[in-house]
Structures are given as structure tokens and as C-alpha cells.
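Q: Next comes the sequence, and after it the predicted model I'd like to discuss.
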Amino acid sequence: MEHGFPIRDLTPIADGVVRCVVEAPRVARHALPGQFVIVRVDVGGERIPLTVSDLDEPSGTITLVVQAIGASTQRLAAKRPGETLADVLGPLGAATEIEPYGRVVVVAGGVGAAIALPVARALAGAGNEVVGVVGARTRDALVLIDEMGSVCDQLLVCTDDGSAGRHGLVTDALSDLLDEGGVDHVFTVGPIPMMSAVAELTRSAAIPTVASLNPIMVDGTGMCGGCRVRVGEETKFACVDGPDFDAHLVDFELLATRNRAYRVFEQCRMAELADG
Amino acid sequence: MAELSKRERMAMSRTQMPTRDPAGRAATFDEVNLGFNTGLAVLEASRCLNCKRATCVEGCPVGVRIDAFVAHVAAGDISAAAAVVRDDNALPGVCGRVCPQEAQCEGACVLGNRGRPIAIGHLERFVADWALDHDEAPEATPPTGKRVAVVGSGPAGLACAGDLARAGHEVTVFEALHEIGGVLVYGIPQFRLPKDIVAAEVERLGSLGVSFETDVLVGPAVSLEELRDEEGYDAVFVGTGAGLPRFPGIPGEDLIGVYSANEFLTRVNLMKAFDPGAETPVYDLAGRPVVVLGGGNTAMDAARTALRLGGDPVTVLYRRTDAEMPARAEEVAHAREEGVDFRFLVSPIEFRGDDGWLGSVVVQAMELGEPDEWGRARPMPIDGMTEDVACDVAIVAIGNQPNPILAKATPGLETTARGTVVVDPETGATSIPGVFAGGDIASGGATVILALAAGRAAAAAIDAWLGADPS
């Protein structure tokens, strides 16, 4: 049975990051900001969750922004337009809650900007004043800066090494914004330590904060429970109850630990890949 | 074979299913039961007493004409037996392998009084496998011009799709995962139900005209309304199953090493984690202690799978006694033969570990008390008696809840407090006209054969509904 989702475009947009435009008409028609898809790059491959960064309903395509950090994502990055992804399932998860909050800061680290972009766009569309704070290790790792700049009222760029924008962490920029006052809501997505640090900053300022989580998943439809996260006193399945949760209630340490469960296995796979 | 007298037939012992040697098989995922050959099948079928009142048929949830097909086997006419089985059961090769026969057809067999019921399951399996090897193209039915969408490709959906196709309707089955079969491919292991058997039965449905679309999560990706109004489906069958695992709700259940049986089995069965070249990992079980919580078929599947991945020891922890275990008798026997340990009257109360990794489970000793509302003895904790059981991996197989995704995305689809879809028990009709449901999504977690029965009942109701529909 011939099956697959044709890749329309695949372009490197930063160091180790590609933008993949793929035909998935049912997803393109229904996906909302904050939702994701599960992709199998090739038949026999693993199922990996990827964020829907953009979509175009008339052409039936969605845009995935993918950091080539594992065996599957490296194989995806090596694909060419005209080839296919074996499976694209979605849209999955609950959409980000978009309300007229007032002044909203969207804090994104690394490829988290791919999730932040549609969220920031929707927040702006709902009448919010949106301040984007986007950070990465270094200039070459920044993604979607122009796009974020065009949807945010104000965009602050940070790099760890000072090669672009402010020299420092996104939390330094956020801290200044909080000191200025007038922040009503924060949305954050990126590496776990970053989201955890954002949550700590806004906790003391008592500003409602939502984090988009990235646990390990298999099916993405609530069936396996591998993506469970601790939120307050409850166990939640990120794939159906999330991926967005109240950042002040999330157990980030547990999330970080659980995400390391297969690290040895993954390193072995990467070593095999490097050996060809 | 010469005609045997009733006395002679009653004196015969039950034909044993040839199996792989327990020591060798516990290291492979090859099917344990090897199946009857024609000689064994005819021998076993010849024990049938041809009862006037076929209690076996009454014991079958889908009413397979067992008396008829067994008589054909006894007469050596396997082709005729296959025609009967195929007519009455959309997935005979599956049911012959996974039905709890001892509680159904074989439990109702009059020879059961002597502990030697006809091996109906083994015979059904033999006939079904024979039919797959001697397949003829099914007869085409004149198309009715009606289209039906089946949501979910598990046993309920496949059975429903088969009957609807045979009635001449154009059927598309939508599946969220990348393979067709639902629990038959993600849940039930290869050594009990080989995936090529499922694939062959699915292919058979394809030759009846059923289409399949994978990677579609009906609800979020396409609503029931869109299926009807835009994609031209005249009716929908919802068989989305009980796919949301339950956890015990005890401290430590988020430690690494605690799996739901769904996750563990999906990683191994669907994602082939047992294959060293697989991209999807499963925790390394080799030489590590594994516990399985629960006493049903899923618990047996998980325990036997863990054993095959090198778990040592693999221990099933069950809060009642072996008499109350809901698993199929054959699965329990096979698990024991292969070396799975059982500890009864213990209930987990806490998972413990270091640095986020599981190290042990604390169990509470139980005793059986008064019967609960279903008549099963209720396990009661014995004060002060707890024990720490070492384990690197714990697999939770204590049941599933209905998957809520479709219901959440479908306004007007009435559900119960438990999350099951409300249906007319006879027809599967839901609160939305033209939408029917069956299997675990309507009943809560049950068996393959009950899902199949519900799928078939709904197919008949859908056929009638489409016939009455003037549109």
C-alpha cells in the first residue's frame, strides 16, 4: 500500500534546524496554536512528537520546525522535497488557551520558538500586547526571529554568548520586564531548565504562567501514559491533557528525569548512525 | 474414520495442542501454540457428541454454528467447515486464539462435565488458518451506494466493517495508529497472536472491498459531522476502544521503570522493541527483576513479554487468589510453564526508587472478605503486613478507561460518568442519529469476542438503518 505524506519543502534555517513543509490536509484544516503531530519519518521508525509551527489550509500543508538531535530527526533533516514522511498524525493535544489577557510575555528558548510563533500570533490576534523573548546558545542557533518580530509588539533577542541581541539568558530579559511591571500573563516553551527558571521568576510575582511541555511520547493519543507529568497533586497525560500546563504546578525536575529514561539507548543509536 | 459410538467418543481424551517447548520458547516471540494438523483436528472433532441442543453455540457471544463446523471437520470436509466459520465470524483466526473459550463455548460443552470439553478454540483456529491458506476471492455483493465510516480498526471495527461490506456498503476504516488492528497489533503479543494472522484477516476484509486509512484521529482531524456532511458517509460506527490506561494512584508511580501495560506492550508489539535493530526502545530487562500488577490477559501478556526480554524474575502480583484471576486459563498455564512467578493476595501501595528510577514496590498483604457487587470476594488489607519487593521495572495492567478524544470532540454524543458512549444495547445506536458504537468504548474494558459481537450487532443495525434511510 503506497502511503506517506509528501514533503513540499525542506530548508535549513539554523544550525542543525530545518523547516519542513509537509502535506497533511486533515491536520492543516484543524490544527490550532499549541497543538502537535506525531511523525514517523520512515516505515519502521519511532514515533516522535513535533510541533505544528504554521499551516496553510488551501494547500493542505503544515510546517514543522525540527532540531536534528536524535536518529529520527537527523533522518528527517536529510530528506528532500518530493520524498515522504511515513506517518503524520494530528492535530494532537489541547490547543493553547488564547484570551485577552492584556500584556503577555512569550518566552521561547531554541526551537521552542516554533511553538511560540503561532501562539504569539494568536495572542496578538486576540488583542493582547505581546512581548516576545527569544533566546538561544548563539546567533546561528536562533530560529524564526523575523517571523516572531512581525507578530510581536516588541521582541527581545538573547544569546548565551552575546553573538546576537542581549548577552544573557531569556530569564534575565524576563526579569527586567517583570521589574518594569504591567505583565499580565506569561507563556513559555523551550528547554526544561529554562521553563523551570521562568516559572520561578513569575511565581514570586504571582503572574499566571503556562508552559508547553515536551515529555517522551509513543502514541500521542492517551493510550500509553508514557508522557505523564506531575502537575500539582495530579498525574496528567501531556498528550491529551496538555501539552500546556500551569507552570507553577509542574514538577519540572521529574519531567527532566523522565526525559532522560532512554538516554543511553539514544546515544547508542546516534553512535551507530555516525558509524554509518 | 469409522463411525464411533457415543461411548467410544466419550472415552476419548481431549487432543492436546502441540506447543513449543517452554524452556526454548520463553526466549522467542514465536507463536507458542503450533496448531492442529488435519489428523489431530479430525480426531478431536470426532469426539463431538452432536448434541441435539448445541449448548456450545449458545455459549458463543457471536453464535458461531459450532455444531455444524465441528461436524464438517469430523467428516474431513474442512472447506465446508471454513465456509461456516467465515460466515459467522469476521476474525476466526483471531478468536480461535484469544477467546476465553473455557468461559464460553467450551464451558458450555457437555463433555466439560468430565473436564474434557471439545477443543473448539483450537478447531476454530485450525479451520481459520486452513481457510487463509486456501483462500478464494469472496463473492462480490451488488453495491448499495451507501457509505459507512468505521472509526477504530480493533476487533469491533473490523467485524462491523466486514459485515457491512458483505451487505454491499462502501466501508472505510479510520485508524489513528500507523497499523490496522487496534489492540490486536499493539496489545496482544506475537507469541499468542502472530501479526501475519491479523494482517491476513485484514487483507481478507480488503478483498471484500473495505478501505483503510491510517494516521487519522477522528474527532480532532475530522469530525463526525464532516464525515457525514463533507465526505459523504451515510453512517458511522465508533469502535475506539478502551485505550486510556489506569494507574493505581499510589506514591512513586511516575518513577522511571513504571510502565502502563499499554506502553510496554505497544513498545514491544507495535514498535518492535524486541528487535535489536528497532528504533523504539524499551527498558533493558535482561537479568532484572520485573513485577506485573494485575491478573487479566493483559497482565499475562505483559509478564510473558517481560520474560522474553530477559526479565528475571518476572512476578505477577495479584490482590486476590488464582481462582479469581480473570485471565484465560491457557495464558495462565503457559505463563507458569515458562517460568513466570505468581504472588497472590498482595496489593501495591507505594513504588520506591533512587534518582527517579524504580527500585522496589511496597505491597500490602490482603485476605479475601465479603463478595463485592459483582460477587467476587473483596480483598481486604491485613493490618501491619507489608513487604518491599525489589523490581527495576513494574508493569501496571489494572485496566483501561474509554479513550475520551472522540467524545470530547463530538458535541451531542452522550457518554456515561465512566466515559463510555451511551448505546442501545441491541443496536449500538448512540444519541446521534446514524452514529453507532460498540466494543470497549461502549462496554468498558472487555474481550475481543464481545467487541466483535457488538460490531456485528451494530453492522446489522446500520444495514437496517441505511435501508430505511430515504436519503
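A: Good, I have the coordinates. Numbering: from 1, shown residues only, chains lettered A, B, ... in the order given.
Q: burial count for B:Arg228?
A: Neighbour count of B:Arg228, defined by other C-beta atoms under 10 Å in any protein chain shown: 18. In this view, the C-beta of every residue, glycine as well, is placed from N, C-alpha and C.
Q: which secondary structure elements does the host helix or strand of it contact?
A: Applying DSSP states H and E as the criterion places B:Arg228 in helix B:224-229. For helix B:224-229, the elements it packs on are strand B:235-238, judged by 3 or more C-beta pairs under 8 Å, 6 or more residues apart in numbering or on different chains; DSSP states H and E.
Q: what distance separates the helix holding B:Arg228 from the middle of the whole chain?
A: 30 Å (C-alpha atoms, centre = their mean, to the nearest Å).
Q: Other residues contacting it?
A: B:149, B:218, B:233-234, B:236, B:406, B:410, B:413, B:432, B:434-435 (C-beta atoms under 8 Å, 6 or more residues apart in numbering or on different chains).
Q: 10 Å instead?
A: A:26, A:29-30, B:147-149, B:151, B:172, B:174, B:218, B:223, B:233-236, B:238, B:406, B:409-413, B:430, B:432, B:434-435 (C-beta atoms under 10 Å, 6 or more residues apart in numbering or on different chains).
Q: Could you tell me which of those count as buried?
A: Buried members of the contacts of helix B:224-229, scored by 16 or more other C-beta atoms under 10 Å in any protein chain shown, are A:26, A:30, B:147-149, B:151, B:172, B:174, B:218, B:223, B:233-236, B:238, B:406, B:409-410, B:413, B:430, B:432, B:434-435.
Q: before we move on, which element is the residue of the stretch 1-150 of chain B found nearest chain A in?
A: Residue nearest to chain A within the stretch 1-150 of chain B (C-beta to the nearest C-beta): B:Ala149, separated by 13.3 Å. Element membership for B:Ala149, per DSSP H and E: strand B:147-151.
Q: For the residue lying closest to B:Ala446 once chain neighbours are set aside, give its distance to B:Ala303.
A: Leaving out its chain neighbours, the residue that sits closest to B:Ala446 by C-beta to C-beta, 6 or more residues apart in numbering or on different chains is B:Asp440, at 5.9 Å. From B:Asp440 over to B:Ala303 the distance is 22 Å, taken as C-beta to C-beta, to the nearest Å.
Q: per-residue pLDDT, residue 37?
A: No chain was given, so I picked chain A. For A:Val37, the model assigns a pLDDT of 97.
Q: wrong chain, I was asking about chain B
A: pLDDT, B:Asn37: 95.
Q: number of nearby residues for the closest residue to chain B within the stretch 101-250 of chain A?
A: At 3.6 Å from chain B, A:Cys224 is the closest residue in the stretch 101-250 of chain A, using C-beta to the nearest C-beta. Residues near A:Cys224, counting by other C-beta under 10 Å, number 28.
Q: how close does it sit to B:Glu263?
A: 4 Å.
Q: Overlap in contacts, the two.
A: With C-beta under 10 Å, 6+ apart as the test, A:Cys224 and B:Glu263 both reach A:216-218, B:186, B:245.
Q: Can you tell me which of these are buried?
A: By 16+ other C-beta under 10 Å, these give A:216-218, B:186, B:245 as buried.
Q: Wait, B:Ser46 touches B:Val73, no?
A: Yes. Counting by C-beta atoms under 10 Å, B:Val73 is a contact partner of B:Ser46 at 8.5 Å.
Q: okay, the two: which has more neighbours?
A: B:Val73 (29 against 22).
Q: Look at the residue in the stretch 201-350 of chain B positioned nearest to chain A and report its pLDDT.
A: Per C-beta to the nearest C-beta, B:Glu263 is where the stretch 201-350 of chain B lies closest to chain A, at 3.6 Å. For B:Glu263, the model assigns a pLDDT of 95.
Q: lowest-pLDDT helix or strand in chain A?
A: Ranked by mean pLDDT, DSSP states H and E, the weakest helix or strand in chain A is helix A:263-275, scoring a mean of 71.
Q: picking that back up, looking at the shared contacts of A:Cys224 and B:Glu263, which two lie furthest apart in space?
A: Within those, two members stand farthest from each other by C-beta to C-beta: A:Ile216 and B:Tyr186, at 17.0 Å.
Q: Check which helices and strands the helix or strand where B:Asp87 lies is in contact with.
A: Assessed by DSSP H and E, B:Asp87 sits inside helix B:78-88. Other elements packing on helix B:78-88 under the criterion 3 or more C-beta pairs under 10 Å, 6 or more residues apart in numbering or on different chains; DSSP states H and E are helix B:38-45, helix B:66-74, helix B:92-98, helix B:120-133.
Q: For stretch B:171-191, C-alpha coordinates in CSV please.
A: Extracted in CSV, the C-alpha atoms of stretch B:171-191 (Å, rounded to 0.1, in the frame of the first residue of the first chain):
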residue,chain,number,x,y,z
VAL,B,171,-16.8,1.0,4.0
THR,B,172,-13.8,3.0,5.1
VAL,B,173,-12.0,2.2,8.4
PHE,B,174,-10.1,5.0,10.0
GLU,B,175,-7.3,4.2,12.4
ALA,B,176,-5.2,6.7,14.4
LEU,B,177,-2.1,4.5,14.6
HIS,B,178,0.1,3.5,11.7
GLU,B,179,-1.1,-0.1,11.5
ILE,B,180,-4.5,-1.7,11.2
GLY,B,181,-5.8,-3.9,14.0
GLY,B,182,-6.1,-1.9,17.2
VAL,B,183,-5.4,-4.0,20.3
LEU,B,184,-4.7,-7.0,18.1
VAL,B,185,-1.5,-5.3,16.9
TYR,B,186,-0.5,-3.0,19.8
GLY,B,187,-1.7,-5.1,22.7
ILE,B,188,-1.7,-8.9,22.1
PRO,B,189,1.8,-10.2,21.7
GLN,B,190,3.1,-12.0,18.6
PHE,B,191,3.6,-15.3,20.6
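Q: Is any residue of it near chain A?
A: Yes. Judged by C-beta under 10 Å from any C-beta of the partner chain, stretch B:171-191 comes into contact with chain A at B:175-180, B:183, B:186-187.
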